[in-house]
Every structure is written in structure tokens, then in C-alpha cells.
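Visitor: Sharing a model prediction with you, sequence too.
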Amino acid sequence: MSEPEKIVLADGEQLAAAAAARLITVLVDAQAARGHAHAVLTGGSNGGALLKAVAASPARDAVDWARVDLWWGDERFLPAGDPERNETQAREYLLDALPLEPGRVHVMAPSDGEFGDDVDAAAAAYAAELAGFGSAVPAFDVLMLGVGPDGHVASLFPGHPGYAVTEGTAIAVRESPKPPPVRISLTLGAIGAARQVWLLAGGAGKADAVAGALGDQDLPAGAVRGTERTLWLLDEAAASKL
Ligand SMILES: O=C(O)[C@H](O)[C@@H](O)[C@H](O)[C@H](O)COP(=O)(O)O
């Protein structure tokens, strides 16, 4: 288990650019070492800004995108193509511009897909897909998480049942405090299988959550660890109460 490290960037734009450069490097290094890379994407504004910065990076195509497996840390359980889905936004910000192997883009099912509105079945199917790489989940090279103002990550919320789940890798989330109410999320256990876990937090609205999670508050953002590295990527406003 890796102890949390912090890197503080000047502002949101520098945070996105620095995180994008770091992501490209991690993916290139993983492919050099193991021939492929697994990355877990996050929704939210900081996650989206990172994807846009990767799209704009001159170094973007140093990554062999055909040998990258992309996963999601969580997804809003909405119809395919809904603008509120993390997948929809990721495709718009970056993925549609990349030569990815479609079979390596592991989407959490929409609410109008093969499982219909059965979010439990959709979550179970994702758990099965994660297990298709030889263990419960792949050893993700990097797993990115936005941080909510309440200290949530993925769709694991303080005091909410999903945060307490200790079994399994992908779960259904209902009555999410953050709309929309129905989601699919990786569990803390699945998140902890990642070599590197990065927490992205920008803006003054995250300062309390950052201070609490890095302090002694029991928050999902403070509970996650990578097996090799746990890295908080912050801007000065989000780090202002540390
Ligand atoms: O599906 C989601 O809503 C996200 O995955 C969620 O976990 C997000 O990352 C945080 O809520 C931070 O979002 P912001 O960066 O927009 O505050």
C-alpha cells in the first residue's frame, strides 16, 4: 500500500496539462515494460479536462492506442449516448480521435442496452469483464478519480452503502447523492488493485474534501490506495486548506 503523495499545480489548466503529460508517460512506460496498458477513466470536470488535454498534446501518439485497454471507475446508468454519461463525454473529449481497438474500450452498460434497466445485471457483467484478464481485475497501470466536494470518488459516497462494500469489483449504486441517482461503480477493492491511483481535485470547492481526506476524516477519497503509488494532483485552490 502506498502512502498518499501530493503535487500542487498553479491552476486548473496546469493541473489538466500536467496530469495529461503524466498519463501519456505512464501508458508509454507500461507498454515498454509489459506490451500493453490498462487505464481507468473518471467522469467529472477534472477528468474531462485531463482527456481534453491529452487530445491536444503533441505527445499523444507516443502511446500505441491500439494496445491500451480503457475502463471506467464509474458510470451514470443512462441510455447510450446520453450527454451525461461519462462514456459519451470521454468519446467527445478524446476517444473518438484515437485509433483504439473497440474491443479494448470496456464500457459500463447503458440503461437501454442488453441488460435493459437491470443495473445489478449490468454491474455483474462489468465484474465478469474485469475478471477476463486472469484475476478479479486487471492490474490497472493507472486509475484516475475525480474527487467530489463531499470526498466521494467514483460513485462511492460517504455514508452510502457502496462505500462499505468489501466484496466484488463492480456494483450498482442507487440514490446517489450526486445526480443521476443510478450508477455503476468500481468498489474500493477494485480500485485498490491499481498500480497507481491518481486523485484529481481542482478548485476551492474541493479544499475541504482534500483537507479532510488527507487528514483524519473517513472519506472515500482518503481510503483509496494504489499498490505502487497514490498521487493527489491538485491545484492551489484545492490545496488551500492543507
Ligand atoms: O460520474 C461521476 O460523477 C464522477 O466519476 C465523479 O466521481 C466525479 O469524478 C466527481 O464527482 C468529481 O466531479 P467534478 O470534478 O466535476 O467535481
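Guide: Here it is on my side, so go on.

Visitor: What are the boundaries of the helices in this structure?
Guide: Remark: helices assigned in the chain by DSSP state H are 12-34, 45-56, 86-93, 119-130, 161-164, 188-191, 207-214, 220-223.

Visitor: Just name the shakiest helix or strand of this structure by mean pLDDT.
Guide: helix 161-164 (a mean of 96; mean pLDDT, DSSP states H and E).

Visitor: so how far is that helix from its chain's centroid?
Guide: 17 Å (Cα atoms, centre = their mean, to the nearest Å).

Visitor: which residues are in contact with it?
Guide: For helix 161-164, the surrounding residues in contact (Cβ atoms under 8 Å, 6 or more residues apart in numbering) are 155-157, 171, 173, 185, 187-188, 220, 223. Backbone N, C-alpha and C define where each C-beta goes, glycine included.

Visitor: buried residues in it?
Guide: 162-163 (16 or more other Cβ atoms under 10 Å).

Visitor: any idea how far V142 is from the residue nearest the centre of the chain?
Guide: Nearest residue to the geometric centre of the chain (Cα atoms, centre = their mean): T42, 3.1 Å. Going from T42 to V142 by Cβ to Cβ, to the nearest Å gives 11 Å.

Visitor: just K241 next, same as before
Guide: Applying Cβ to Cβ to K241 and V142 gives a distance of 27 Å.

Visitor: more neighbours, the two?
Guide: The neighbour count for K241 versus V142, taken as other Cβ atoms under 10 Å, is higher for V142 (23 against 15).

Visitor: Hmm, L199 and that one touching each other?
Guide: No - counting by Cβ atoms under 8 Å, V142 stays clear of L199, with 11.8 Å between them.

Visitor: Show the contacting residues for E175.
Guide: Counted by Cβ under 8 Å, 6+ apart, E175 has contacts 160, 181.
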